[in-house]
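Q: Need a 3D model of the sequence below.
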Amino acid sequence: MKNFTKKLLALLMASAFVIPVLAACGDKNDEENPGGDDSPTTKVDYADQLKLDMSTDTKKLKVDVYQYIDGDTTHFKAAVGESDPDLTVTIIKARYLAVNTPESTGVIDKWGKTASNFTHETLEKAEAIMVESDDDKWNIDSTSSRRVLLWIWYVPDGKEVKTENYRNLNVELLQEGYGRASDTENNRYGTIAGKALYQATQLKLRVFGNEKDPNYFGNSAAAALDLSYLRTHLEEYSDHLVSVRGLVTARFGSSVYIEKNFTVKNAEGEDEEVPFGMVVYYGYSPSNKLLKILTVGNEVNVIGTVTKFEGTYGTTYQISGVEVNSVNPNATKNTTLISEGNEIPYTETSVADIMVKDHRPVTLTFDGDEEETVTIDYAEAVMDTSVILSDLTVESMFTTTNPESSSQGAISIYCTDASGTKITLRTEVLYKGTGTNNKYTEADVTAAIGTSKKIVAARGIVSHFDGEYQISVYNWSCFDFPSAS
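A: So this is what the prediction gives:
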């Protein structure tokens, strides 16, 4: 009996070691489940395990970033002194192989902005970047003739630029849960890419889990959009519920103005930061809670309906029907405070940039299933945003005197710049002190500009009036005047 017991124990102990080995070694199991049957308990850095091999026949080129697009698309240009005669484009619009990150330009998906930020920050800090094809030629994305399918390698910040120090960003995005499969296993690094993907699913990282994305404020009812995308697709989203994020730069007329900067390409092909903005109408009886969130200097996310108006002075759009729900922060329509106490940017621009139409285009690229490039006139791009104009000469003024108008006492200040280009500064009804009827008048402007008739600088919101652009000035402190003589 004792001998039988010993034999049984020995057999069980042996089985404990054999069974896992058989499970790990089965070829079929590896193909269907790269990580094996058990969920990983220790996170493996597959991006570090994969090494760049310079001896293969794949196409390789050292590059610099030309433009950041989103998590799985970046535009590169050959680094100084680098070239490839088979690469016929100057700008390499790289679509990352094996990974598909959520959308983050135009229409925004959960984890899209966060994935985009990760790619941007990683490449921005990189000591060197190299792109590699999947085989011996540069391959074009089937969804866009302008995008090249590539592996992205980078040397992390602080590391020496040597072949063994390159990391594979495609695999890193997969292992960190920033993206889903995109024909992941049918390529050069498919095996290790598949393992990285499987690990992320098992650890329930980001897109595969229930963790809250700190950069996403959309819901199933509202289309989450970048302000730049909404501004260039207003007709498409008219009467639709949208979710947009921006900085509150002004509040007047039962509305606030929100804006955010985006990188565009100017006519010379250079990067330029341009603000895109939108009017958010909160109505005549907003709650104190809503007004507190919609305070100038707060970064907010608003959910409301895009409303179109055909008025005397043309077509205008605004977001209306905004709400705040203190009881249920996950309500379908809810205004969210992101940060507070931010400085108003006031983009420095010129009268010519705003007033001379169709002369200065800027171009935006939105990535998606199909890449979309949109060109818009600079003046229309900065509509409803905060700007600063300098060195203006006052030519004349006009005050609204109609007692039935809510704008009674508003002043139109007609100015020119050094080249003689005209622009109007249209003030709100400005009061001296809080809760008084003592309004600023043309006499106050005359005294402030003195004999020079100069306004050193004027800050305000770009708006339309009677078919022309103008600057809406909502506070006396938005003017910088010379010392009156």
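Q: can you pull the contacts of residue 125?
A: With Cβ atoms under 8 Å, 6 or more residues apart in numbering as the criterion, the residues that contact residue 125 are 156-157. C-beta here means a position set from N, CA and C on the backbone, and glycine is covered the same way.
Q: SS state for residue 192?
A: Three-state call for residue 192 (DSSP: H, G, I helix; E, B strand; the rest coil): helix.
Q: wait, what's in contact with it?
A: Residue 192 is in contact with 46, 49-50, 171, counting by Cβ under 8 Å, 6+ apart.
Q: What subset of the residues you listed is buried?
A: Burial by neighbour count, 16 or more other Cβ atoms under 10 Å: within the contacts of residue 192 this picks out 46, 50, 171.
Q: which among those gets closest to residue 352?
A: Ranked by distance to residue 352 (Cβ to Cβ), those are led by residue 171 at 48.9 Å.
Q: Please give the element, helix or strand, for that closest one.
A: Applying DSSP states H and E as the criterion places residue 171 in helix 169-175.
Q: Over to residue 268?
A: Under DSSP H and E, no helix or strand contains residue 268.
Q: what's the neighbour count on it?
A: 6 (other Cβ atoms under 10 Å).
Q: that older thread, can you redo the contacts of residue 192 as TSV with distance to residue 284, secondary structure and pLDDT?
A: What follows is the contacts of residue 192, written out as TSV (distance: Cβ to Cβ, whole Å; DSSP: H, G, I helix; E, B strand; the rest coil; pLDDT from 0 to 100):
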residue	distance to residue 284	secondary structure	pLDDT
46	58	helix	98
49	62	helix	96
50	60	coil	98
171	55	helix	98
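Q: got CSV for these, with distance to residue 374 too?
A: Supplementary listing: the contacts of residue 192 in CSV, determined by distance: Cβ to Cβ, whole Å:
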residue, distance to residue 374
46, 37
49, 41
50, 37
171, 32
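Q: Pick the one among those closest to residue 340.
A: Of all the contacts of residue 192, residue 340 sits closest to residue 171, with 38.8 Å by Cβ to Cβ.
Q: contacting residues for that closest one?
A: Residue 171 sits in contact with 46-47, 50, 98, 189, 192-193, 196, where contact means Cβ under 8 Å, 6+ apart.
Q: The stretch 51-200 of the chain: strands as residue ranges?
A: 60-70, 73-78, 91-96, 98-100, 128-132, 139-140, 147-155, 167-168, 180-182 (DSSP state E, counting those that start in this stretch).
Q: Neighbouring strands - and their directions - for the last one?
A: Based on DSSP bridges, the strands next to strand 180-182 in the sheet, each with its direction, are strand 98-100 (antiparallel).
Q: what does the strand it pairs with contact?
A: By Cβ under 8 Å, 6+ apart, strand 98-100 touches 72, 170-171, 173-174, 178-184, 187, 189-190, 193.
Q: Just the buried ones from these, in PyMOL syntax?
A: Filtering those down to the buried ones (16+ other Cβ under 10 Å) takes a single PyMOL command:
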select buried, resi 72+170+171+173+174+178+179+180+182+184+187+189+190+193
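Q: pLDDT of stretch 211-226, averaged?
A: Across stretch 211-226, the average pLDDT comes to 93.
Q: ok, the closest residue to residue 411 other than its chain neighbours to residue 98 distance?
A: With Cβ to Cβ, 6 or more residues apart in numbering as the criterion, residue 411 has its nearest non-adjacent residue at 4.6 Å, and that residue is residue 427. Per Cβ to Cβ, to the nearest Å, residue 427 is found 57 Å from residue 98.
Q: before we move on, what about residue 409?
A: Using Cβ to Cβ, residue 409 is found at 63 Å from residue 98.
Q: Between those two, which has more neighbouring residues?
A: With neighbours defined as other Cβ under 10 Å, residue 409 and residue 98 compare such that residue 98 has more, 29 against 18.
Q: how close does that one sit to residue 138?
A: Relative to residue 138, residue 98 is positioned 17 Å away (Cβ to Cβ).
Q: Just give me the closest of the contacts of residue 171 to residue 452.
A: Nearest to residue 452 among those is residue 47, at 62.7 Å by Cβ to Cβ.
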